[in-house]
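1. Any chance you could fold what I've pasted below:
(one chain, ligands or ions: 1)
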Amino acid sequence: MKLAADVETILTHLGTQISGDMASYSPVDGSNIGSVPTASASDIDAACANATAAFHSWRAVPAPRRGELVRLFGNALREDKEKLARLVTIECGKPLSEGMGEVQEMIDICDFAVGLSRQLHGLTIASERPGHRMMEQWHPLGPVLVISAFNFPVAVWAWNAALALVCGNSVIWKPSEKTPLTAVAVQAIFERAVTAFGDAPAHVSQVVHGGRDVGAALVADPRIALISATGSTQMGRKVGQVAAARFAKTILELGGNNAAIISDKADLALALRGVLFSAFGTSGQRCTSLRRVFVHDAIYDNFVEALKAASTSMAVGDPLDGGNLAGPLIDEAAYDGMRIALDEARALGANITGGARMDMKGAYVRPALVEMPTHNGPALRETFAPILYIFRYHDLAHAITLQNSVGAGLSSSIFSTDVRECERFLSAEGSDCGIANVNIGTSGAEIGGAFGGEKETGGGRESGSDAWKAYMRRVTNTINYSNELPLAQGVTFDL
Ligand code: NAD
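-> Okay, here's the model as predicted:
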């Protein structure tokens with residue numbers, strides 16, 4: 001009751017009220033905190049038609065002016081940062097400081113996108129023909145569908161939407177059915193920026209609520225030019241196939257099975273903190289959460305003892321209480337997944353420390369350290385929970401081979417003060433992931449770099465660097481300013 005009232009106060013402050021058939025439950029205590037309406041087939045059709053109309057006028061607005069809308073949105077987020085962060089914590093269960101961090105990430109990508117709106121550069125290219133020149137232009141693409149997961153209920157949308165909007169596209173957001181109210185709040189904040197902007201087309205960014213059926217209907221709609229889908233590999237496999245069948249573009253940001261290597265030459269105090277935050281922060285519910293750690297033989301006993309001591313005393317509990325470093329799992333199904341993985345590991349002879357369910361309302365668990373006899377079983381897949389599988393290694397090349405021997409290819413780290421080891425890990429023969437870090441953990445990326453992973457993580461990149469190019473279409477232009485018509489490659493065609 002208390003959380004539902006809290007949510008209502010936040011949404012009222014943001015000037016929005018909503019209810020419908022799809023309930024949202026807070027993982028903090030399992031209570032119902034509100035509801036939204038599931039989109040019908042005609043709602044989905046209208047959203048796609050509206051997005052197409054919005055795109056047709058938005059693409060003609062100069063890019064720096066489009067950046068102004070994103071600048072205003074960033075400022076609106078700054079004004080309501082605490083409120084939105086609290087709602088994120090209530091609806092997805094991450095600690096308040098991480099809720100604040102998530103909204104900060106939205107603000108950061110807005111700043112990045114505003115600068116980008118004056119830098120959507122193409123190349124000029126030397127032509128082989130006299131009196132000719134070549135160039136590339138980047139044009140807006142079309143309506144962009146953003147499908148997001150529960151664990152970053154607002155930041156992932158912002159990574160996509162801020163870039164999509166400055167690139168001249170309209171946006172449809174299908175948020176996770178587990179966190180619809182944060183999307184309602186963000187849309188209200190966005191609408192405030194639209195009002196301040198003045199002449200943005202109606203429906204330049206819309207929210208469509210529903211579960212996987214609604215997501216699937218949007219993915220299949222031929223009016224959607226780009227699908228940026230964040231979630232499980234299972235989801236991405238379906239979305240990817242449907243999109244490929246109609247040649248739609250995709251950015252797939254899927255599951256991870258991330259690993260760190262702790263060398264005998266590591267700064268162990270730093271490695272300990274890096275491993276603990278990556279493995280057990282956000283209750284192991286980040287795509288970049290650390291799942292596997294390879295510890296060098298020479299330091300294994302000391303390091304694992306230190307891990308056990310620190311994880312046993314780690315404060316887990318109500319995420320609204322600033323003293324806790326981790327909150328609950330999202331729901332009972334997540335707890336079942338954790339229990340099954342630990343049972344499988346136990347059956348393989350693993351030595352497990354922690355992992356017990358806590359006596360609280362909601363799916364609160366102690367972090368689990370799992371010393372595995374061999375690299376197999378549940379360690380080969382992603383379980384979205386605070387489980388860290390521990391392995392001994394002696395030879396760095398072998399540790400890298402094992403690290404790379406799983407389906408996912410998102411994030412990885414090495415902790416070492418030896419430059420040769422670090423460079424080898426970063427080289428073409430090293431980590432096969434989209435993210436490879438040195439002396440920091442696998443999670444907690446900054447928006448300035450391109451974010452994403454290889455193999456079953458889907459291959460997409462979003463956020464910083466040149467990820468914006470995925471939201472535009474490239475046109476190659478060849479211009480003849482001579483009086484002749486020479487053909488390329490010296491081909492003759494004399495009439
Ligand atoms: P999920 O796959 O259950 O759901 C994600 C979203 O996909 C939801 O909005 C859901 O409604 C939608 N969806 C599911 N099936 C669909 C279909 N067939 N067609 C269209 N839409 C569909 O994932 P989740 O449990 O919300 O999130 C956890 C997963 O997300 C983990 O695997 C995690 O690693 C991954 N994740 C990846 C990244 C990344 O950037 N790589 C970031 C966050 C989360």
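2. F247: neighbour count?
-> Neighbour count for F247, taken as other Cβ atoms under 10 Å: 7. For glycine as for every other residue, the C-beta is placed from the backbone atoms N, C-alpha and C.
3. a helix runs through it, doesn't it?
-> No: F247 is assigned coil when assessed by DSSP: H, G, I helix; E, B strand; the rest coil, not a helix.
4. Next one: it from L320, what distance?
-> Remark: distance between F247 and L320 (Cβ to Cβ, to the nearest Å) = 46 Å.
5. for the ligand, what are the nearby residues on the stretch 251-400 of the chain?
-> Counting by Cβ under 6 Å from any ligand atom, the stretch 251-400 of the chain comes close to the ligand at 253-256, 287, 382, 384.
6. Let's see that with 5 Å instead.
-> Within the stretch 251-400 of the chain, the residues that sit near the ligand (Cβ under 5 Å from any ligand atom) are 253, 255, 287.
7. that's a helix at the last one, yeah?
-> No: with the criterion set as three-state DSSP, the secondary structure at C287 is coil rather than a helix.
8. residue contacts, it?
-> 149, 151, 230, 253-256, 410-411, 457 (Cβ atoms under 8 Å, 6 or more residues apart in numbering).
9. can you check D29 too?
-> Applying Cβ under 8 Å, 6+ apart, we find D29 in contact with 3, 361-362.
10. Now for the closest residue to H139 other than its chain neighbours: which residues touch it?
-> Counting by Cβ to Cβ, 6 or more residues apart in numbering, H139 lies nearest to R473, which is 5.2 Å off, once chain neighbours are set aside. Applying Cβ under 8 Å, 6+ apart, one finds that R473 lies in contact with 138-141.
11. Show me how to select, in PyMOL, the buried members of these.
-> Restricted to buried positions by 16 or more other Cβ atoms under 10 Å, the PyMOL selection for the contacts of R473 reads:
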select buried, resi 138+140+141
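12. Could you export the contacts of R473 as JSON lines, including pLDDT, secondary structure and distance to the ligand?
-> JSON lines is the format used below for the contacts of R473 (pLDDT from 0 to 100; DSSP: H, G, I helix; E, B strand; the rest coil; distance: Cβ to the nearest ligand atom, whole Å):
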{"residue": "W138", "pLDDT": "98", "secondary structure": "strand", "distance to the ligand": "24"}
{"residue": "H139", "pLDDT": "98", "secondary structure": "strand", "distance to the ligand": "26"}
{"residue": "P140", "pLDDT": "98", "secondary structure": "strand", "distance to the ligand": "24"}
{"residue": "L141", "pLDDT": "98", "secondary structure": "coil", "distance to the ligand": "20"}
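13. So what does the spatially most central residue of the chain have for phi and psi?
-> Among the residues of the chain, V156 comes closest to the average C-alpha position under Cα atoms, centre = their mean, at 4.9 Å. Dihedral angles of V156 (phi, psi; degrees, to the nearest 10) stand at phi -60, psi -40.
14. next one: the one 5 residues further on
-> Torsion angles at A161 (phi, psi; degrees, to the nearest 10) stand at phi -70, psi -40.
15. and it, how many neighbours does it have?
-> With other Cβ under 10 Å as criterion, A161 counts 29.
16. my guess is it contacts W173, does it?
-> Yes: under the criterion of Cβ atoms under 8 Å, A161 makes contact with W173 at 7.1 Å.
17. contacting residues around V239?
-> Counting by Cβ under 8 Å, 6+ apart, V239 has contacts 147, 215-216, 219, 227, 229, 250, 252.
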